[in-house]
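Participant: What follows is a protein structure lacking sequence information:
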């Protein structure tokens, strides 16, 4: 498509002003051939200045871009502002909008001269940013993708398909400490709390778990203890400070009457278990708590 090499300024004539009317007619007469080619789409315009509204029924192709002065806008069919523009004198970065074919998503991306460019979104008056769901397909989903050179996997956060009311979460001001977790106060205010976790463990038949608060749980089973005899038990992992409780349970069905089985010589390293059956040897299961 050829381009006009001249710039044309079309000005509306003033009412009852013969000079302006003549000028308007002069513009048309002098450039009618070019204007006819422009309106028919067989040529393009390099520059156009209007003092009123231009209505075009076809497509406008701007091979060198569209320049919109700062503070000006694109208007909708009701003559209301739709998109408004501001400028930065030394700008080197911008946004690029790309459409997409079937099955793909349109893209709004940061482009420009800098190597890394974020995109800033700013609401007005502290109001929220809304990610709306459609009428089908469930609640809103937000996906956070890995670096493209590593693949296309993502972490997705999804809102429930139905809510009985609004759910609000307010994050704490700091990062918390190692091994803490976020917890809610029931009103949506989140804070960091210490999480009770195992710091050491041996998950065997005679084993233990040490918790992050210092509490230690130990368990085990004895060998056969003779009738009216005793056996020494060593804890799989000695307690550091104190033993709070030891519970023993007979693992053998004993016959006849007997006194209650018991322990003695309890220390941070072990204890003795006593079988009070007068006739039956047997094993004992035990459980201990301490620090």
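Facilitator: Received, thanks. None of the values given here were measured: they were computed from a predicted structure.
Participant: Torsion angles phi and psi at residue 149?
Facilitator: Main-chain torsions, residue 149, degrees, to the nearest 10: phi -70, psi -10.
Participant: And for residue 73?
Facilitator: Backbone torsions for residue 73, taken as degrees, to the nearest 10, come to phi -140, psi 160.
Participant: helix or strand for residue 111, which one?
Facilitator: In this assignment (DSSP states H and E), residue 111 forms part of strand 107-112.
Participant: Off-centre distance for the helix or strand following that strand?
Facilitator: Note on strand 107-112: by DSSP H and E, the next helix or strand toward the C-terminus is strand 141-145. On the basis of CA atoms, centre = their mean, to the nearest Å, strand 141-145 sits 7 Å off its chain's mean C-alpha point.
Participant: what packs against the next helix or strand after strand 141-145?
Facilitator: Downstream of strand 141-145, the next assigned helix or strand under DSSP H and E is strand 154-158. If you count contacts as 3 or more CB pairs under 8 Å, 6 or more residues apart in numbering; DSSP states H and E, strand 154-158 packs onto strand 141-145. For the C-beta atoms, the positions are set from N, CA and C on the backbone; glycine is no exception.
Participant: Which other helices and strands does the strand it packs on contact?
Facilitator: Checked by 3+ CB pairs under 8 Å, 6+ apart, strand 141-145 has strand 154-158 packed alongside it.
Participant: The strand it packs on pairs with which strands, and in what direction?
Facilitator: Paired strands of strand 154-158, with direction, are strand 141-145 (antiparallel) (DSSP bridges).
Participant: on that earlier part again, can you give me the mean pLDDT across the strand holding residue 111?
Facilitator: The average of the pLDDT scores along strand 107-112 is 96.
Participant: Residue ranges in the stretch 151-291 of the chain under the pLDDT threshold?
Facilitator: 255-258 (pLDDT under 70).
Participant: in it, which spans are strands?
Facilitator: Counting by DSSP state E, counting those that start in this stretch, the stretch 151-291 of the chain has strands at residues 154-158, 180-184, 190-194, 198-202, 207-211, 216-221, 230-234, 243-250, 262-264, 270-274, 284-290.
Participant: for the shortest one, packing partners?
Facilitator: So that's strand 262-264. With contacts taken as 3+ CB pairs under 8 Å, 6+ apart, strand 262-264 sits against strand 243-250, strand 270-274.
Participant: what about it, distance to the chain center?
Facilitator: Relative to its parent chain, strand 262-264 has a centroid offset of 56 Å by CA atoms, centre = their mean.
Participant: Show me the contact partners of that strand.
Facilitator: The contact list for strand 262-264 (CB atoms under 8 Å, 6 or more residues apart in numbering) reads 230, 246, 248, 271, 272, 273, 274, 276.
Participant: Can you give me the neighbour number for the fifth one?
Facilitator: With neighbours defined by other CB atoms under 10 Å, the count for residue 272 comes to 14.
Participant: same check, this time on the second one
Facilitator: Number of residues near residue 246 (other CB under 10 Å) recorded here: 18.
Participant: nearest spatial neighbour of it, skipping sequence neighbours?
Facilitator: With sequence-adjacent residues excluded and distances taken as CB to CB, 6 or more residues apart in numbering, residue 246 is closest to residue 288, at 4.5 Å.
Participant: ok so, going back, nearest to residue 226, of the helices and strands packed on strand 262-264?
Facilitator: With CB to CB, the closest approach to residue 226 among the helices and strands packed on strand 262-264 belongs to strand 270-274: 10.5 Å.
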